[in-house]
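Chemist: Compute the structure for the input listed below.
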Amino acid sequence: MIDRVIRLTAFSGGTFRAMAAALLCLGLLTACDNISRQELQSLGSKLTREDVNFASYEVYAGRSKVAYGTEAAIGQTYPKTVRIASPDGTDVRYFLERDDAAKTQYLTIRGTANNKNISEDFDIAVRDDRRTKIPIHAGFDSDARAIYGDAKPYLKTGYRTHITGHSLGGAVAAIIGIYAIEDGYRVDRIVTFGQPRFTTASGVSKLGFLPLTRVVDENDVIPMLPPAMASDKTYGPYEHVGPEVILLEGPRYVYLTSHDANRLDIGEFWRSIGIADLKDHKIDKYVKRIAEKTSGAIQVTYNQREKYVARN
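Modeler: Here you go, the predicted structure:
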């Protein structure tokens, strides 16, 4: 069931404010007074201890970066690749690696690479997916179904499965993870970078089984889209699934549980719009920020992050 569709075309970093204003005029954004300043301060001062293994994130980020390269580059970097495709005419490409000796497989979905993909990123529509019985962003779901259908003949049940992607590819990776688990695949981990939201509060409440970790750059606004204030009449506001790791400059990072991340995002959308720049969404920026933390990382609270944010 599609409640509404607002399609925004390609934009530059300087048009985020115009995009937000357009959403407000269309009535998609409601006031963010449902979370008080006091609650924001309290949530932001809480430290949930989590020793993050950034070396393991490098494994996923490297694949997400190579996904933007040529097929030859993918095959050369990951020689166990068994499939590279953009199925059913979609511009979203993926590659699948399979190590039969180790019984592991990696599925990597490329992120936004052209204007068509960007318009899909901002196609705000919620559908009650009959297969999973949760509402899913219709544009992301369409890409996920095409890729999963193409990759499924090459996937092995019983293999340890890892799924990753950047930007739109991250949202598609998470949705594919849902389908793969439902079909009995052993999905060990899903790690995404700069991933937009793909479901609402109703969906989040049913996805506790999804082994998803979201990695975001502090200045990247794409993970805050579609806005949490863009609430669907039936299924509630858009929300994220899974814990969030926020990359700050140097060795520092913030770790938030899924609940805390969603609550804080409500109060932070307008601040992020004000400093947003598309260069902070690029996968190269994520790879660099992760590399800064592999030899030693320091966890800070959400409120402390302002000291370590690189200003554009």
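Chemist: Could you point out the helix or strand that follows the helix or strand hosting Tyr148?
Modeler: Assessed by DSSP states H and E, Tyr148 sits inside helix 138-151. Next in sequence after helix 138-151, counting helices and strands by DSSP H and E, comes strand 160-166.
Chemist: so where is the protein shaky, pLDDT-wise?
Modeler: Across the chain, the ranges flagged by pLDDT under 70 are 1-36, 40, 45, 89, 113-132, 230, 265-277, 310-312.
Chemist: got a list of what the residue nearest in space to the middle of the chain touches?
Modeler: Closest to where the C-alpha atoms of the chain average out (CA atoms, centre = their mean) is Gln195, at 1.7 Å. Gln195 makes contact with Gly165, His166, Ser167, Gly170, Ala171, Ala173, Ala174, Arg214, Val216, Ile222, Pro223, His240, according to CB atoms under 8 Å, 6 or more residues apart in numbering. (C-beta placed from N, C-alpha, C; glycine too.)
Chemist: could I get the residues you listed as CSV with neighbour count, secondary structure and distance to Tyr68?
Modeler: Putting the contacts of Gln195 into CSV (neighbours: other CB atoms under 10 Å; DSSP: H, G, I helix; E, B strand; the rest coil; distance: CB to CB, whole Å) gives the following:
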residue, neighbour count, secondary structure, distance to Tyr68
Gly165, 31, strand, 11
His166, 30, strand, 8
Ser167, 28, coil, 10
Gly170, 30, helix, 13
Ala171, 30, helix, 16
Ala173, 31, helix, 15
Ala174, 30, helix, 19
Arg214, 24, strand, 19
Val216, 26, strand, 19
Ile222, 28, helix, 16
Pro223, 25, helix, 19
His240, 25, coil, 24
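Chemist: Check the secondary structure at Val287 for me.
Modeler: With DSSP: H, G, I helix; E, B strand; the rest coil as the basis, the three-state label of Val287 is helix.
Chemist: If we ignore the residues flanking it in sequence, what's nearest it?
Modeler: Spatially, and ignoring its direct neighbours in sequence, Val287 is nearest to Ala61 (5.0 Å; CB to CB, 6 or more residues apart in numbering).
Chemist: Quick check: the gap between the one you found and Thr104.
Modeler: 18 Å (CB to CB, to the nearest Å).
Chemist: what does Ala173 give?
Modeler: In this structure, Ala173 lies at 16 Å from Thr104, with CB to CB as the measure.
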